[in-house]
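1. kindly generate the corresponding structure for this input.
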Amino acid sequence: MNFRRNLKDSAGVQPLPLSQRRGLVFPAFAWLGFTSAFASVVIGSLLQSKLGTLDALAAAILGNWILFVYSAAIGFAAGRWGLSSQLTLAAVFGRWGALVPGIILGSLVTGWFAFHVVLTARILLQALHFAGDPAIVMCVIGVVFAAPVIARLSQGFNMTAIAFPAMILFGGTVIAHYLMPTWTVLLDGPIGGTLPFGTGVCIAFGIFVVSGTMTGDIVRYCRTGNEAVLATAFAFLLSNLPFLILGVLIAAAGIRVADLFTGNDALSFVLLALVVISNWTTCDACISNASVTLKSAFPRLSWIIASAAAALLGLLLAVANAVGDVFGWALFLSAIVPPIGGVIVADYYVLRVRIGFSRFTAAPVNVAGLVAMAAGIAVAFLAREAAPGAITPLIGAPLAGGLYLVLARLAPSRPGADPAATDGAEALD
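-> Residues are numbered from 1 along each chain as shown. The predicted structure follows:
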């Protein structure tokens, strides 16, 4: 395989052949680094303040288990067939139909890039007592964080491997220095709060639902579907969940997360450095996710243009403070994204049965899939408005999947849900 083909494979333009896959270790560490995000600590702390300690812990656990099952179902299919997230969408929604969910996911993942840029800027401005223009600081941080992806120095998700040991050191230091002296009273806080429990579950779920739906960009390097499921378990049950719990316990100890960096001592600066590393690698992964999606959706687009466009969108969202309300952002994601996954899961496990992704959807646009996705999104948002405590992923995803199966069974050829005519290589031509 020549160098040009290698670049295509790494960009998710073609299914990754078995000879190019790395097994479990690389995807597992890539996911571990991606999900060991400082943002999870921040959100866990906020959940404790709104739910109370015990409900926040329960919401974090339940939300992550739902996220694991959801992402593992998609990951098994993508990992078994070596498909990037956009190729998975193309297999289900059709070559051109996949642009709709692909653009949605690619745009949303840049929102998390924006969130981490803003979070890093705020921490640095506060910890270093810097009086500069926050917008300029955000732009500088965003450019620095995105540069390795644009220049292809980070090689996709390789950089995320740095984050996991950094955050383990961060967590261990915080536990030893701040939590151990107060461990006897950590569960003595308020039992309830002002936030409905189901809303807390949606927030815990929404943190990584976008990247969980795009898990193919990471798990396509697995050799089997089972390895992809294991990599996903590492991501959400052994990485994201513990850091959410850490955030809950920090708040339960009466400590503001921001105060960890304002001591003007060596410990504060060490923790600050570890958090910057974590945020940088998470931003790297977010831009990689978005870039692979854009490159796969538009194969003739150069990597530099695709990644620079994703970074620019993220910077605009950061400067505009479009994702400043992290709870509102996570709830938005937990309503709009799961129906996409619901259609993927229904298509792969019910319609395809044994053929898997050996063949892509025959029609360029799977109308049935797009209609079902739109219906699932609409109902999820309606449910969120009618019942604020509803767990919307358990509404939108099943509804979209069920409706898709009905539409596909009624007229498989007319709506474009028949996967019997086009294979993966032909679908990209």
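2. can you list the low-confidence ranges for the stretch 151-300 of the chain?
-> 154-158, 188-192 (pLDDT under 70).
3. got the CA coordinates for the helix or strand hosting S49 in CSV?
-> In this assignment (DSSP states H and E), S49 forms part of helix 38-51. Listed next in CSV are the C-alpha coordinates belonging to helix 38-51 (Å, rounded to 0.1, in the frame of the first residue of the first chain):
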residue,chain,number,x,y,z
PHE,A,38,-11.0,17.9,32.9
ALA,A,39,-14.4,19.0,31.7
SER,A,40,-15.8,15.8,33.3
VAL,A,41,-14.5,17.0,36.7
VAL,A,42,-16.1,20.4,36.2
ILE,A,43,-19.4,18.9,35.1
GLY,A,44,-19.4,16.4,38.0
SER,A,45,-18.8,19.3,40.4
LEU,A,46,-21.8,21.2,38.9
LEU,A,47,-24.0,18.1,39.1
GLN,A,48,-23.3,17.8,42.8
SER,A,49,-24.3,21.4,43.4
LYS,A,50,-27.6,20.9,41.5
LEU,A,51,-28.5,17.3,42.5
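4. can you count the residues close to T184?
-> 7 (other Cβ atoms under 10 Å). C-beta here means a position set from N, CA and C on the backbone, and glycine is covered the same way.
5. relative to W112, how far out is A78?
-> 20 Å (Cβ to Cβ, to the nearest Å).
6. quick revisit: immediately after the helix holding S49, which helix or strand?
-> helix 53-81.
7. quick check: angle from the helix or strand just after that next one to helix 53-81?
-> As assigned by DSSP H and E, the chain's next helix or strand after helix 53-81 is helix 85-93. For helix 85-93 against helix 53-81, the angle by axes from the mean of the first three to the mean of the last three Cα atoms, to 10 degrees is 80 degrees.
8. which parts of the helix or strand just after helix 85-93 are buried?
-> Sequence-wise, the next helix or strand downstream of helix 85-93 (DSSP H and E) is helix 99-127. Within helix 99-127, the residues scored as buried using 16 or more other Cβ atoms under 10 Å are 99-102, 104-121, 123-125, 127.
9. quick check, P101 in contact with L89.
-> Yes - P101 is in contact with L89 according to Cβ atoms under 8 Å; the separation is 5.3 Å.
10. so what's V174 up against?
-> 246, 250, 260, 271 (Cβ atoms under 8 Å, 6 or more residues apart in numbering).
11. for it, what is the enclosing helix or strand?
-> When elements are assigned from DSSP H and E, V174 belongs to helix 163-174.
12. list the buried ones in the next helix or strand after that helix?
-> Next helix or strand after helix 163-174 toward the C-terminus (DSSP H and E): helix 197-206. Burial within helix 197-206, assessed by neighbour count using 16+ other Cβ under 10 Å, is assigned to 197-206.
13. from the residues you listed, which is closest to A330?
-> Of all the buried residues of helix 197-206, A330 sits closest to G206, with 3.4 Å by Cβ to Cβ.
14. how much space is there between the closest one and R95?
-> Separation of G206 from R95 (Cβ to Cβ): 29 Å.
15. what about V219, neighbour count?
-> V219 has 34 nearby residues by other Cβ under 10 Å.
16. still on that earlier bit, could you dump the contacts of V174 into CSV with distance to A73 and neighbour count added?
-> Shown next, in CSV, are the contacts of V174 (distance: Cβ to Cβ, whole Å; neighbours: other Cβ atoms under 10 Å):
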residue, distance to A73, neighbour count
L246, 27, 22
I250, 32, 25
L260, 37, 22
L271, 37, 21
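17. just want the most central residue of the protein.
-> With distances taken as Cα atoms, centre = their mean, S211 lies nearest the centre of the chain, 2.3 Å away.
18. which residues does that one contact?
-> 34, 109, 112, 285-286, 289.
19. which secondary structure element is home to it?
-> Here S211 sits within helix 209-213, counting by DSSP H and E.
20. separation between S278 and C222?
-> S278 is 24 Å from C222, by Cβ to Cβ.
21. and the angle from the helix ranked longest in the chain to helix 85-93?
-> Ranked by number of residues, the top helix in the chain under DSSP state H is helix 266-297. For helix 266-297 against helix 85-93, the angle by the same axes, to 10 degrees is 40 degrees.
22. pull whichever helix or strand comes after helix 266-297 out as PDB, backbone CA atoms only.
-> Next in sequence after helix 266-297, counting helices and strands by DSSP H and E, comes helix 303-319. Output of helix 303-319 as PDB, limited to C-alpha atoms (Å, rounded to 0.1, in the frame of the first residue of the first chain):
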ATOM      1  CA  TRP A 303      -6.800  17.700   5.100                       C
ATOM      2  CA  ILE A 304      -5.500  21.200   5.800                       C
ATOM      3  CA  ILE A 305      -8.700  22.800   4.600                       C
ATOM      4  CA  ALA A 306     -10.900  20.300   6.500                       C
ATOM      5  CA  SER A 307      -9.100  20.600   9.800                       C
ATOM      6  CA  ALA A 308      -8.600  24.400   9.500                       C
ATOM      7  CA  ALA A 309     -12.400  24.800   8.800                       C
ATOM      8  CA  ALA A 310     -13.300  22.700  11.800                       C
ATOM      9  CA  ALA A 311     -10.900  24.700  14.000                       C
ATOM     10  CA  LEU A 312     -12.200  28.000  12.700                       C
ATOM     11  CA  LEU A 313     -15.800  27.000  13.500                       C
ATOM     12  CA  GLY A 314     -14.700  26.000  17.000                       C
ATOM     13  CA  LEU A 315     -13.000  29.400  17.500                       C
ATOM     14  CA  LEU A 316     -16.000  31.300  16.400                       C
ATOM     15  CA  LEU A 317     -18.200  29.300  18.800                       C
ATOM     16  CA  ALA A 318     -15.700  30.000  21.600                       C
ATOM     17  CA  VAL A 319     -15.500  33.700  21.000                       C
END
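23. what's helix 303-319 packed up against?
-> If you count contacts as 3 or more Cβ pairs under 8 Å, 6 or more residues apart in numbering; DSSP states H and E, helix 303-319 packs onto helix 99-127, helix 134-150, helix 266-297.
24. so which of those helices comes closest to F164?
-> helix 266-297 (8.8 Å).
25. buried residues of the closest one, list them for me.
-> So helix 266-297, judged by 16+ other Cβ under 10 Å, has buried residues 271-272, 274-297.
26. alright, I will stop here.
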